[in-house]
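[1] Output the structure for:
(one chain, ligands or ions: 1)
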Amino acid sequence: MLTKLCPVFMPPTGMVIIPTGSGTEPRLKIEYVEQILSNRVNNAGEEQYLVLWSSKSSASFPPLSWHNLNELSRCLELVQDYLEAKLHASLSRKRKSPDTGNDLDGHRPSPAERRLKQASRSSSVVSSSSTSSLSPHPPNHITHPQPPEYKIYNGVLTHKGGYVVAKYASSPDVPRLNIRDVPTAQMISTANRSSTRSAEDVIRAEILRRLRALPGPKIRLTNTFDSSSPSLRFQWITEYVLREGVFKADAATQEGCLKCSPHMGRNIGCEYTKRCDCLEYAAVDENRLSPEQKELYAIIRAEGGSTIGLPKKFPYYAEGTKEEKTGCLVPFYLKSRNPIYECNDNCKCGRYCRNKNVQFGRRVQLEIFKTSSRGWGLRCRQDLHQGEFIDTYRGEVITDEEATRREDSAGKSKASYLYSLDKFAESEGLSQEDLYVVDGEFMGGPTKYMNHSCEPNCRQYTVSYNKHDCKIYDIAFFAKEYIPAFEELTFDYLDKDDDDEEDGAQEPEEQPDEDSVPCLCGAKKCRKWLWT
Ligand SMILES: C[S@@+](CC[C@H](N)C(=O)[O-])C[C@H]1O[C@@H](n2cnc3c(N)ncnc32)[C@H](O)[C@@H]1O
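    Okay, the predicted model is just below:
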């Protein structure tokens with residue numbers, strides 16, 4: 001069987017040796033690579049990966065070649081896909097249900113994983129039967145002939161414009177290998193014995209490089225469970241990326257507070273909340289209302305109308321309060337979930353206005369870490385005070401129609417990264433189709449990794465810089481309570497209020513539908529299923 005899989009052992013004369021020592025080593029262009037199919041450590045001790053080249057010339061015998069990590073430095077995403085598939089294949093082999101053949105965690109294997117699993121099963125059959133046909137314990141002195149260490153099958157390698165290129169070739173001295181048989185049993189058994197450590201290190205170093213490029217305190221990455229890293233396909237961004245059909249009012253048209261100034265007493269900007277235009281829609285400070293204002297406010301609440309002229313509550317504690325409170329959300333906002341209207345660049349209140357916070361970005365040290373059962377999670381390396389701002393949720397802003405399309409095409413797991421910007425839907429009479437959705441799956445920031453808890457320690461708040469734009473605003477996470485360093489940061493994906501449960505709302509114990517995901521938050525009041 002082994003010889004059928006690797007039919008012709010001929011010297012690899014069809015191979016073009018890529019010159020080395022000429023400065024930079026030529027690289028492979030990701031556009032020309034279909035997939036990585038196997039790994040080995042070559043005779044020189046170098047970690048190598050088997051590349052399946054995209055080929056129009058031959059469907060059954062496309063070029064396949066082995067490359068080191070330097071050559072693959074532009075294809076690391078594909079190396080990561082291969083390592084992930086290999087990890088899943090070995091995990092699901094260990095965890096396979098005997099009755100159904102399905103993985104116990106419900107994970108549907110990708111074509112690459114299926115190929116790896118199938119091949120690894122046939123590899124174990126081949127090796128056990130061939131061993132038993134020889135002798136149960138082969139004597140130590142029997143040495144098996146080592147197959148030649150080919151560099152390429154079904155083609156030749158050359159380089160063009162600094163890139164390695166493979167071309168289909170069918171000459172008799174080119175080793176042939178049908179793609180149907182790849183990875184061969186021998187490749188699988190070699191791959192299972194060969195280290196992938198260098199690739200894992202290179203991928204991790206690349207993720208760390210990208211994290212270092214983000215503004216704000218350094219973001220760490222910790223994985224004590226396995227050798228995986230977050231996806232290299234994820235693009236780290238600090239601002240929303242607006243997609244087709246999404247419109248945001250130009251920042252220059254944002255209305256600023258023009259009656260305020262930076263130096264109105266304590267140098268904290270908009271101190272006179274009655275006259276600050278940005279605070280027009282902010283929460284009214286009922287404790288400061290005169291009897292007449294109380295009457296007026298009761299009418300406004302019943303019939304609608306502007307609250308301009310009434311004293312407002314600032315969302316954040318000002319500088320000069322206790323150090324651990326400065327900049328934190330005040331209890332009223334923390335509890336009420338009122339939208340926060342921060343001052344903007346068109347305001348006259350200056351940089352140090354106490355009504356500016358989220359817009360300056362993250363200031364806490366975050367760590368992305370691998371959890372035991374819920375993929376990656378997020379925690380803070382420092383204690384967080386109650387009401388302290390953590391970070392915003394970032395991603396592509398797409399239309400509701402596009403979100404539905406993405407959701408339908410990706411299945412159940414996809415919904416988890418979609419965040420609807422629906423805070424003002426009811427008050428502004430926006431229909432579902434009018435709403436925008438933030439998709440943090442492919443682009444975003446570290447908050448992408450925040451997991452759900454039915455008893456969360458963080459909460460999401462609406463932060464607006466343009467009171468007239470109800471469709472695009474920031475989603476900002478704040479600590480709901482004091483959070484000691486290294487405790488996982490979680491929020492409620494359904495954004496339920498604490499009182500909801502106290503009202504006695506019955507949560508389903510039964511699986512709501514077949515796509516429901518069990519909640520593993522471990523909280524006492526766990527609702528058992530995500531998104532219920
Ligand atoms: C926004 S992501 C959170 C980051 C995710 N853990 C990761 O590794 O990318 C949401 C996904 O995380 C997992 N998850 C989050 N919270 C969970 C929980 N309480 N129980 C089970 N899975 C959870 C689910 O797979 C969910 O679809």
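[2] how close does residue 393 sit to residue 441?
    Distance of residue 393 to residue 441, computed by Cβ to Cβ, to the nearest Å: 12 Å. (C-beta placed from N, C-alpha, C; glycine too.)
[3] and for these two, which residues touch both?
    Each of residue 448 lies in contact with both residue 393 and residue 441 under the rule Cβ atoms under 8 Å, 6 or more residues apart in numbering.
[4] which residues in the protein form helices?
    In the chain, the helices defined using DSSP state H lie at 2-5, 76-95, 111-134, 185-193, 197-212, 291-303, 331-336, 400-410, 425-428, 498-502.
[5] pLDDT (mean, whole number) over the first one?
    Regarding helix 2-5, the rounded mean pLDDT is 28.
[6] do the same with the fifth one
    Along helix 197-212, the predicted confidence averages to a pLDDT of 97.
[7] repeat for the third one
    Summarised as a single mean, pLDDT over helix 111-134 is 38.
[8] what about the strands in the stretch 251-400 of the chain?
    340-341, 366-370, 376-380, 389-392, 396-399 (DSSP state E, counting those that start in this stretch).
[9] May I ask you to confirm that residue 190 is in contact with residue 47?
    No - applying Cβ atoms under 8 Å as the test, residue 190 and residue 47 come out as separate, 11.9 Å apart.
[10] Give the residues shared as contacts by these two.
    residue 40.
[11] neighbour-wise, which of the two wins?
    residue 47 (21 against 17; other Cβ atoms under 10 Å).
[12] number of nearby residues for residue 420?
    14.
[13] can you pull the contacts of the closest residue to the ligand within the chain?
    Nearest to the ligand in the chain, going by Cβ to the nearest ligand atom, is residue 375, at a distance of 2.6 Å. Under the criterion of Cβ under 8 Å, 6+ apart, the neighbours of residue 375 are 449, 451.
[14] Same check on residue 402?
    Listed by Cβ under 8 Å, 6+ apart, the contact set of residue 402 reads 243-245, 437.
[15] Which of the residues you listed has the largest number of neighbours?
    Neighbour max across those (other Cβ under 10 Å) = residue 437, 24 neighbours.
[16] For it, give the beta-bridge partners.
    Note on residue 437: beta-bridge partners residue 398, residue 420, judged by DSSP bridges.
[17] Spit out the contact partners of it.
    Contacts of residue 437 by Cβ under 8 Å, 6+ apart are 397-400, 402-403, 418-421.
[18] which other residues reach stretch 239-258?
    By Cβ under 8 Å, 6+ apart, stretch 239-258 touches 270, 276-279, 343-349, 394-399, 401-402, 436, 438, 443, 465-469, 471-472.
[19] Run through the residues of the stretch 351-500 of the chain sitting next to the ligand.
    Taking Cβ under 6 Å from any ligand atom as the measure of proximity, the stretch 351-500 of the chain contacts the ligand at 374-377, 413, 416-417, 448-449, 451-452.
[20] no, scratch that, I was asking about the stretch 201-350 of the chain
    Residues of the stretch 201-350 of the chain lying near the ligand (Cβ under 6 Å from any ligand atom): none found.
[21] Run through the stretch 201-350 of the chain and note the low-pLDDT ranges.
    265-267, 320-321 (pLDDT under 70).
[22] pretty sure residue 358 is in contact with residue 474, am I right?
    Yes - contact status for residue 358 versus residue 474: in contact at 5.8 Å, counting by Cβ under 8 Å.
[23] Now the common contact residues for these two.
    Common neighbours of residue 358 and residue 474 (criterion: Cβ under 8 Å, 6+ apart): 392, 463.
[24] Between the two, point out the one with more neighbours.
    Shown here are residue 358 and residue 474; by other Cβ under 10 Å, residue 358 has more neighbours (24 against 20).
[25] Next, the contact list for the more buried one, please.
    Listed by Cβ under 8 Å, 6+ apart, the contact partners of residue 358 are 340, 342, 389, 392, 463, 474, 476.
[26] Same question for residue 310.
    By Cβ under 8 Å, 6+ apart, the contact set of residue 310 is 274, 284-285, 289, 293, 296-297.
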